[in-house]
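Trainee: sharing a model that was predicted from the sequence below.
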Amino acid sequence: MANLKDVAKLAGVSIATASQAINGKSVNEQTRKKVLECAEMLHYVPNKGGQSLITGKSNTILLVIINSLKYANLVRENTFFYNYIMGVLTESQKHNYNFHLEVKNWEDPDLLDFFKIRCRDKSSDGMIIFPQYIKNYDFLQYFDSFPYVILNPCLENKRLNYVSVEHTYGGYIIADLFIKKGFKKIGVIHGPSDHYDAECRRNGFMNHLHKNNLMIPLSAQYYSDFTIRSGYIGAGKILSEHPELEAIFCCNDFVASGAIQYVYEKGIKVPDDLGIVGYDNTDVARAIHPALTTVDARLQEVGGVLARLLFKQIIDKHTSIQSYIKPELIQRKSI
């Protein structure tokens, strides 16, 4: 297999010039063309490991999703994270970067060591972190000089690099829809009580109802684990005690699809007998019948923004970067 020295010899240039030409550095255009033609003739493929030793960069970014052993493994249980991943992957390809995914748990005894090692071993040039749950971010102690972006951190700190989706507003617009529809008898299937996004949705929804003198009894509330199965169980529990409900807000589209499955089996018609609303605007929302009214959390767009902010740090050396994304209501046929 040809190496860089072979390419340089055939092109009649130094190894350094050949390397610059192949890596898009500043060289004479005629020289660049000649080097690239020689590389093609010799079927030369750049060695990423060697480039990493020379440049000090791996040309790889890492996405770390932190789950909790208390709940379902959401990476495996549904396709929710696929949307984020596609956004990150698309942006990575624009920068000619590789992309790796790691899934950890908050309960892992080696969690802090994992972050410590990844920030020091040069296996990636930056990291995107999905912490999900309301925890202490002790891992941040290792990120003093390592590029990172966090999705929806549960703490406010102007020095953090993060993207925040305004899920409190997302919960608010669902409550506002229910109020405008004139619903008085309302149920809700929340996400996990210690999941930050779920709590933001819950607070936005419940607070807006409360301000409009609408209360939901505890018996008409259920805490799910974001899965289809938990939506099915949750709908069964609250409707068995409150068959008079007019509408149910479900914390995500998967939970909503489980709720719709349950009411269909019981002969309850959506939306004629009961309105059901989801959240996130995943493919599930369009695939189920009736098509689900939901909140578009702009998942793929968020993935792209996370990656762009990370590359700003890696390439442009930006620090303390924050971005805010507002979800929007998508009205379909389920309410």
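Mentor: Cool, the structure landed.
Trainee: alpha carbons only for contacts and neighbour counts from here, please
Mentor: Fine.
Trainee: pretty sure residue 227 is touching residue 75, no?
Mentor: No: the pair residue 227 and residue 75 does not pass the contact test of C-alpha atoms under 8 Å, sitting 11.0 Å apart.
Trainee: looking only at neighbour counts, state which of those two leads.
Mentor: In terms of neighbours (other C-alpha atoms under 10 Å), residue 227 is the more surrounded of residue 227 and residue 75; the figures are 23 against 14.
Trainee: list the contacts of that one.
Mentor: 72, 74, 77-78, 254-255, 258 (C-alpha atoms under 8 Å, 6 or more residues apart in numbering).
Trainee: tell me the one of those residues nearest residue 237?
Mentor: residue 258 (12.6 Å; C-alpha to C-alpha).
Trainee: which secondary structure state does the closest residue to residue 27 other than its chain neighbours sit in?
Mentor: Nearest-residue entry for residue 27: residue 21, 6.1 Å, with adjacent residues in sequence omitted and distances by C-alpha to C-alpha, 6 or more residues apart in numbering. Under DSSP: H, G, I helix; E, B strand; the rest coil, residue 21 falls in the helix class.
Trainee: and residue 21, how many neighbours?
Mentor: Counted by other C-alpha under 10 Å, the residues lying close to residue 21 total 20.
Trainee: so the residue nearest the centre of the chain versus residue 128, what's the distance?
Mentor: The C-alpha lying nearest the average C-alpha coordinate of the chain belongs to residue 84 (C-alpha atoms, centre = their mean; 4.1 Å). Residue 84 sits 11 Å away from residue 128, taking C-alpha to C-alpha, to the nearest Å as the criterion.
Trainee: where do the strands sit along the stretch 201-335 of the chain?
Mentor: In the stretch 201-335 of the chain, the segments counted as strands under DSSP state E, counting those that start in this stretch are 221-223, 247-250, 275-277, 294-296, 322-325, 328-330.
Trainee: CA atoms of stretch 157-169 as CSV?
Mentor: Taking only C-alpha atoms (Å, rounded to 0.1, in the frame of the first residue of the first chain), the coordinates of stretch 157-169 have been written out as CSV:
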residue,chain,number,x,y,z
ASN,A,157,-24.6,28.5,35.0
LYS,A,158,-23.5,31.2,32.5
ARG,A,159,-20.2,29.5,32.1
LEU,A,160,-21.7,26.2,30.8
ASN,A,161,-21.9,25.4,27.1
TYR,A,162,-25.4,24.2,26.4
VAL,A,163,-28.5,24.0,24.2
SER,A,164,-31.7,24.4,26.1
VAL,A,165,-35.1,23.4,24.6
GLU,A,166,-37.8,25.4,26.3
HIS,A,167,-39.9,22.5,27.5
THR,A,168,-41.6,24.5,30.1
TYR,A,169,-43.1,26.5,27.3
